[in-house]
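> got a sequence here, can you model it:
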Amino acid sequence: MKKWAGLMLISCWVCCIPYGKSLAADLGVQGSIYEIGEQNALEWITERLSVMQINGEIEAQNQKLKNQALKTLEHPTPIYLKPTKQPRIFEKDLTITLSTDIKDTNEKIIHKAGTRINPLKNFWSGKSLIFFDGDDLEQLNWALQAYKNKNGLAKLVLIKGAPLELMRQYDIPFYFDQAGKLSQYFKLEQVPATVHQENDRLIISEIKI
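Numbers count the residues shown, from 1 in each chain. Below is the predicted model of the structure:
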């Protein structure tokens, strides 16, 4: 009986609280209140840019970036390959084995998975690649002569040097092996070197001059 009387008392007390009212009370301010003193980040950036614009810092930074870009174009990061001391000739096989079927636009199978394909089998470029150090006058002269002997059917690829300056000087295209991607692909260790096609093979020659 006492148990039920207690439950009824709690129920009545809860029901007496008006709907939407909270049991929390306003205890007032218990300490000092301060306004946020930090400047808005966007406002700070805007002000900073305005100051930089006025004092010429932005223009100076733009010119610095432009100079760095031009410097990189004129003198790309060199690839360090040693001059050829021990000539060598080797081949690179481009044959691949298909892991999935190759289909045309009509879903007709052209090549089945497992087929070995050599892209050079039905392709002939006739061009050679000539790799050399453009800062080495002997290699430069050799490369120019090799290019001439190929009647222009070659590409001059620098691993070091100034391609734009050489283009202005000789009025022929010069390329640069950016980040050494081609040298790594063809596994070059020495220059000058050439890469040319013989039927379905690539022949790589590191030549001593």
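> which ones are touching the residue nearest the centre of the chain?
The centroid of the chain falls nearest to residue 179 when counting by C-alpha atoms, centre = their mean (10.1 Å). Residue 179 makes contacts with 77, 79, as judged by C-beta atoms under 8 Å, 6 or more residues apart in numbering. Backbone N, C-alpha and C define where each C-beta goes, glycine included.
> separation between it and residue 191?
The gap separating residue 179 from residue 191 is 16 Å, by C-beta to C-beta, to the nearest Å.
> please apply the same query to residue 147.
15 Å.
> burial of residue 114, as a residue count?
10 (other C-beta atoms under 10 Å).
> these two touch, right, it and residue 100?
No: assessed by C-beta atoms under 8 Å, residue 114 is found out of contact with residue 100, at 9.6 Å.
> and for the closest residue to residue 88 other than its chain neighbours, the neighbour number?
In space, and not counting its chain neighbours, residue 88 is closest to residue 206: 5.2 Å by C-beta to C-beta, 6 or more residues apart in numbering. Burial of residue 206 is recorded as 23 neighbouring residues (other C-beta under 10 Å).
> with neighbour numbers in mind, choose between residue 147 and residue 191.
The neighbour comparison of residue 147 against residue 191 (other C-beta under 10 Å) goes to residue 191, with 27 against 20.
> quick check: beta-bridge partners of that one?
With DSSP bridges as the criterion, residue 191 is bridged to residue 83.
> measure it to residue 136 for me?
The value you get for residue 191 to residue 136, if C-beta to C-beta is used, is 8 Å.
> what is in contact with the two at once?
Contacts common to residue 191 and residue 136, judged by C-beta under 8 Å, 6+ apart, are residue 83.
> let me know the secondary structure of the residue nearest to the centre of the chain.
Recorded secondary structure, residue 179: helix (DSSP: H, G, I helix; E, B strand; the rest coil).
> do you know how far it is from residue 105?
36 Å.
> equivalent analysis for residue 143, please.
44 Å.
> so which of the two has more stuff around it?
Between residue 143 and residue 105, counting by other C-beta under 10 Å, residue 143 is the more crowded of the two (26 against 5).
> can you tell me, leaving aside adjacent residues, what's nearest to the more buried one?
residue 132 (4.3 Å).
> distance from the chain centre to the helix or strand encompassing the one you found, please.
Take DSSP states H and E as the rule and residue 132 turns out to sit in strand 128-133. Mean-position distance between strand 128-133 and its chain equals 24 Å (C-alpha atoms, centre = their mean, to the nearest Å).
> following it in sequence, what is the next regular element?
Next in sequence after strand 128-133, counting helices and strands by DSSP H and E, comes helix 137-149.
> neighbouring strands - and their directions - for the helix or strand following that next one?
Following helix 137-149 in sequence order, the next helix or strand is strand 154-160 (DSSP H and E). Here strand 154-160 is paired, per DSSP bridges, with strand 128-133 (parallel), strand 175-176 (parallel).
> looking at those strands, which is buried most?
By mean neighbour count, with neighbours taken as mean count of other C-beta atoms under 10 Å, strand 128-133 ranks first of these at a mean of 23.
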